[in-house]
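Trainee: curious how this folds, go ahead:
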Amino acid sequence: MSIRIRSWHGGQLIETVDVDQLGRIVAAKGSRTWIDLVNPSAELVAAVARRLGLHPLLAEDIAEKNERAKIEQVGDALHLVAFVMEHGKDARADEVDFILGRGFLVSVHGPAWDPMAAHQLRMGLGPILEKGPDHLLWALTDAIVDGYFPTFDRIADEIELVQDQVLGSPNPAALQNVFRLRRELIRMRHVIAPSREAFAQLTSREFPVVSDATVLYFRDVYDHLIRLNEELDTHRELIAGTLDVYLSSVNNNLSAIMKRLTGVTVILAGIGAVAGLFGMSEAAGALSGQAGSGFWIVVAVTAVGAVVAWLVLRRIDWI
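Mentor: Numbers count the residues shown, from 1 in each chain. Below you'll find the model as predicted:
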C-alpha cells in the first residue's frame, strides 16, 4: 500500500488510505495528521500536494529526487530531505522527503525504510502525534540519525582490520579495501555534512511550523550529527594514514629487494671479473687435467672471496 493516513483527533487515532478524505481530515480543528507515502507515483504525490494546498514545485522536487540533504521553506510548508543508511557491506543512502505544514506531516520514502520501527514510536503513534506533527518529524529524523551509528561502528572495525593487514603483510587486497573504505567515507560525508547544516537551521527558531519546545529536541539530533562529523573526520584521517603506511611498506620492501639484488650482483661480478682475466683457455686446460696449481689457487681464492662477500652482505642485512 503506497499511502497511509493517520490522524490524531479528539483523543483518537484515525487511519485511512482514502486520498479524497485528506483535505477534510487536515482541515478538522485540532487534528494532527501524518501522511506516509511509500514509493508513490508522481501522480499520487501531486494529488496529495493539491489536497494539502502545497506548492506544485514541492511535488516536482520530491519526484526528481535529491543528491544531498537539505531544508527549505516553500510557502507555509517546510521541506526537509534526509537519508537513511543501509547496514550492508557498503553504506547505501536512501532518500526520505518530509513536508511539514500546519497540522500535518508528509513523509515520502522507499519500501526499505519502515518509519514505524522508530524507537520513539514503540509506545504508540498517538502520544507523539498529540504533541504535534513537528514532534513526529523529530521522532522520525532522530531514528534516522541514530541509524548512522551502527554503520560508523562497522566502518571503524573494518579500518582496524585493514590496518592490521597493512602492518602485517601489505598486498593488493588490502589496498583495495583501503580504497573501498575511502569511497564509502566520501559517500557518507555527502550525507552527514549537509544533514548537519539542515538541522542547524532547524534549531535556529526561524521556521514557524516548528514550535520552541520541539526545537530543543532537534538540538539533540544536531549534537549527534556533530559527533558523527567528528568521527567521520577521524576515520578519513585513519584511512589516509593507512594508505601512507601501505605505500611506505611497499617502498621498504622494494628497497630490501634492491639491496639483495645488489648484494648478489657484487658476488657474481667479482667471480666474473676473475674469470674474465684468465679467459676460457685456462678453463679448457683445467678440464683436460693440464692446469697448474696456480689456476686452482686462483679458483680457491675466488670462491673464498665470494663466501666472505656473502657473509659480509648477510651481516649488514643486504642478503
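
Trainee: hey, let's count contacts and neighbours off CA atoms from now on
Mentor: Will do.

Trainee: contacts only, for residue 26.
Mentor: Counting by Cα atoms under 8 Å, 6 or more residues apart in numbering, residue 26 makes contact with 32, 33, 52, 103, 104.

Trainee: at 10 Å what do you get?
Mentor: Going by Cα atoms under 10 Å, 6 or more residues apart in numbering, residue 26 touches 7, 9, 32, 33, 34, 51, 52, 102, 103, 104.

Trainee: so is residue 33 in a helix, a strand, or just coil?
Mentor: Secondary structure of residue 33, reduced to three states by DSSP: H, G, I helix; E, B strand; the rest coil: strand.

Trainee: mind checking how far it is from residue 106?
Mentor: 9 Å (Cα to Cα, to the nearest Å).

Trainee: of the contacts of residue 26, select the buried ones using a ChimeraX command.
Mentor: In ChimeraX, a selection of the buried entries from the contacts of residue 26 looks like this (16 or more other Cα atoms under 10 Å):
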select :7,9,32,33,34,52,102,103,104
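
Trainee: of the contacts of residue 26, which belong to helices?
Mentor: Within the contacts of residue 26, residues falling in helices by DSSP state H are 51, 52.

Trainee: quick check: the two most widely separated of the contacts of residue 26?
Mentor: Maximum pairwise distance in the contacts of residue 26, criterion Cα to Cα, is 18.7 Å, between 9 and 51.

Trainee: follow-up on the earlier one: which residues are in contact with each of residue 33 and residue 106?
Mentor: What both residue 33 and residue 106 touch, as defined by Cα under 10 Å, 6+ apart, is the set 5, 133.

Trainee: spit out the contact partners of residue 38.
Mentor: 1-4, 96, 107-114.

Trainee: tell me the confidence at it?
Mentor: Predicted confidence (pLDDT) for residue 38: 93.

Trainee: how about it, nearest residue that isn't a chain neighbour?
Mentor: Nearest non-adjacent residue to residue 38, counting by Cα to Cα, 6 or more residues apart in numbering: residue 2, 4.6 Å away.

Trainee: for the one you found, grab the count of nearby residues.
Mentor: Residue 2 has 15 neighbouring residues, counting by other Cα atoms under 10 Å.

Trainee: surely it touches residue 36?
Mentor: Yes - Residue 2 lies in contact with residue 36 (Cα atoms under 10 Å); the separation is 8.0 Å.

Trainee: list the residues that contact both of those two?
Mentor: Both residue 2 and residue 36 are contacted by 17, 108, 109, under the criterion Cα under 10 Å, 6+ apart.

Trainee: could you export the residues you listed as a markdown table, including secondary structure and neighbour count?
Mentor: Formatted as a markdown table, the shared contacts of residue 2 and residue 36 follow (DSSP: H, G, I helix; E, B strand; the rest coil; neighbours: other Cα atoms under 10 Å):
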| residue | secondary structure | neighbour count |
| --- | --- | --- |
| 17 | coil | 15 |
| 108 | strand | 22 |
| 109 | strand | 23 |
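
Trainee: how is the chain carved up into domains?
Mentor: 1-125, 254-315 (automatic domain parsing).

Trainee: in what helix or strand does residue 204 lie?
Mentor: Using DSSP states H and E, residue 204 sits in no helix or strand.

Trainee: please tell me I have it right and residue 14 contacts residue 21.
Mentor: No - using Cα under 10 Å, residue 14 makes no contact with residue 21, being 11.7 Å away.

Trainee: any shared contact partners between these two?
Mentor: With Cα under 10 Å, 6+ apart, residue 14 and residue 21 have common neighbours residue 5.

Trainee: give me the low-pLDDT residue ranges for the stretch 51-200 of the chain?
Mentor: 67, 87-91 (pLDDT under 70).

Trainee: all helices for it, in order.
Mentor: Per DSSP state H, counting those that start in this stretch, the stretch 51-200 of the chain carries helices over the ranges 56-64, 126-130, 133-146, 148-168, 172-202.

Trainee: tilt between the fourth one and helix 172-202?
Mentor: Relative orientation of helix 148-168 versus helix 172-202 (axes from the mean of the first three to the mean of the last three Cα atoms, to 10 degrees): 150 degrees.
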